[in-house]
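[1] Model the structure of this input:
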Amino acid sequence: FHLLSLSFYDEGKMNHNRFSNAASTYDQHAAPQLELINALLEKAPPISPHRILDVGAGTGLLTEQLATRYPTTPIDAIDLAKEMIEQSQTRLNHLRQINWIQADAETYTPQQSYTLIASSAALHWSTNLPATLQNLYNSLHPGGHFLLGLMLRGTLWELRELRRRIAPTKGIGLTLPTENHITEQIQTTGFDIIYSATAERRHIYPNTRDFLQAIHEQGVTTLPQNDRPLNRSELTALIHAYETNHATAGGIYATYETARYLLKKPEAA
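    Numbering: from 1, shown residues only. Take a look at the predicted model:
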């Protein structure tokens with residue numbers, strides 16, 4: 001039962017491998033990600049864009065909704081993981097406006113600029129967020145918009161704290177950015193912030209084992225470089241502690257903290 005990597009951060013190649021391995025199971029456990037997508041699209045610009053880029057498209061959850069909302073607009077959907085791209089192409093092959101591309105958002109160079117860029121539950125994984133934001137800024141047409149949704153540091157705080165308590169010598173575990181850090185990077189890049197909001201929601205799982213399995217199958221259980229996995233007795237202790245401390249009606253809960261932004265590239269850029 002090797003699920004106690006319990007961290008969201010690793011290096012670039014590991015990011016690719018992790019999400020490639022999770023491609024076939026990601027959508028089964030993606031309720032928090034779908035909730036973020038729906039909230040993000042509430043702030044979509046009312047004017048139909050000429051061309052869209054979906055960054056970190058994964059299995060196409062956001063891509064599909066963008067294609068439904070803007071049925072005549074060409075969409076380039078990029079992701080690091082080949083297996084994610086292949087699964088998306090198969091599932092959404094009826095949506096002919098989508099061009100699937102295996103690419104890194106930090107280095108991707110489009111043939112023409114976009115009037116809308118969208119990304120949900122992806123860029124908090126970036127190993128170089130300033131460079132990634134700058135590259136996306138450069139790929140956006142002046143006056144164009146960027147819909148950005150991310151997970152923040154409060155996500156899965158319950159699991160992080162229990163892991164630290166049970167195995168304090170095995171690493172800090174989960175490290176996600178704070179809202180202040182993200183906002184500072186956005187402003188430094190040059191985007192105008194039209195709208196921003198954060199939310200904290202609890203999602204319910206039947207029990208701790210189901211919860212750990214769910215996040216494992218989302219590809220989010222790879223350890224940071226210097227962390228070590230929990231052994232069997234530590235894992236058993238964590239499961240017991242989680243069900244003791246974070247029980248609720250219907251099972252156990254896990255917190256997801258998210259940020260949503262509508263950004264604009266200045267007309268004079």
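[2] For the rest of this, base every contact and every neighbour count on C-alpha atoms.
    Will do.
[3] so where do the helices sit in the stretch 1-150 of the chain?
    Ranges of helices in the stretch 1-150 of the chain, per DSSP state H, counting those that start in this stretch, are 12-21, 31-41, 61-69, 82-91, 129-139.
[4] tally of neighbours for residue 216?
    Counted by other C-alpha atoms under 10 Å, the residues lying close to residue 216 total 22.
[5] Which secondary structure element is home to it?
    Using DSSP states H and E, residue 216 falls within helix 208-217.
[6] For the helix or strand just after that helix, list every residue counted as buried.
    Moving toward the C-terminus from helix 208-217, the next helix or strand (DSSP H and E) is helix 232-245. Across helix 232-245, burial judged by 16 or more other C-alpha atoms under 10 Å covers 235, 238-239, 241-243.
[7] What mean pLDDT does helix 232-245 get?
    Helix 232-245 carries an average pLDDT of 96.
[8] which other helices and strands contact it?
    With contacts defined as 3 or more C-alpha pairs under 8 Å, 6 or more residues apart in numbering; DSSP states H and E, helix 232-245 has these neighbours: helix 157-166, helix 208-217.
[9] Direction included, what does the next helix-or-strand element following that helix pair up with?
    On the C-terminal side of helix 232-245, the closest following helix or strand by DSSP H and E is strand 247-248. In the sheet, strand 247-248 lines up against strand 251-264 (antiparallel) (DSSP bridges).
[10] and the partner strand, C-alpha only, in PDB?
    The C-alpha trace of strand 251-264 is given here as PDB (Å, rounded to 0.1, in the frame of the first residue of the first chain):
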ATOM      1  CA  GLY A 251     -16.900   9.400   6.100                       C
ATOM      2  CA  ILE A 252     -13.900  11.700   6.400                       C
ATOM      3  CA  TYR A 253     -13.100  15.100   4.900                       C
ATOM      4  CA  ALA A 254     -10.200  16.700   3.100                       C
ATOM      5  CA  THR A 255      -9.800  20.400   2.500                       C
ATOM      6  CA  TYR A 256      -9.000  21.900  -0.900                       C
ATOM      7  CA  GLU A 257      -7.900  25.600  -1.000                       C
ATOM      8  CA  THR A 258      -8.100  27.200  -4.500                       C
ATOM      9  CA  ALA A 259      -7.400  30.500  -6.200                       C
ATOM     10  CA  ARG A 260      -9.100  31.800  -9.300                       C
ATOM     11  CA  TYR A 261      -8.000  34.700 -11.500                       C
ATOM     12  CA  LEU A 262      -9.200  36.500 -14.500                       C
ATOM     13  CA  LEU A 263      -6.100  38.300 -15.900                       C
ATOM     14  CA  LYS A 264      -5.600  40.600 -18.900                       C
END
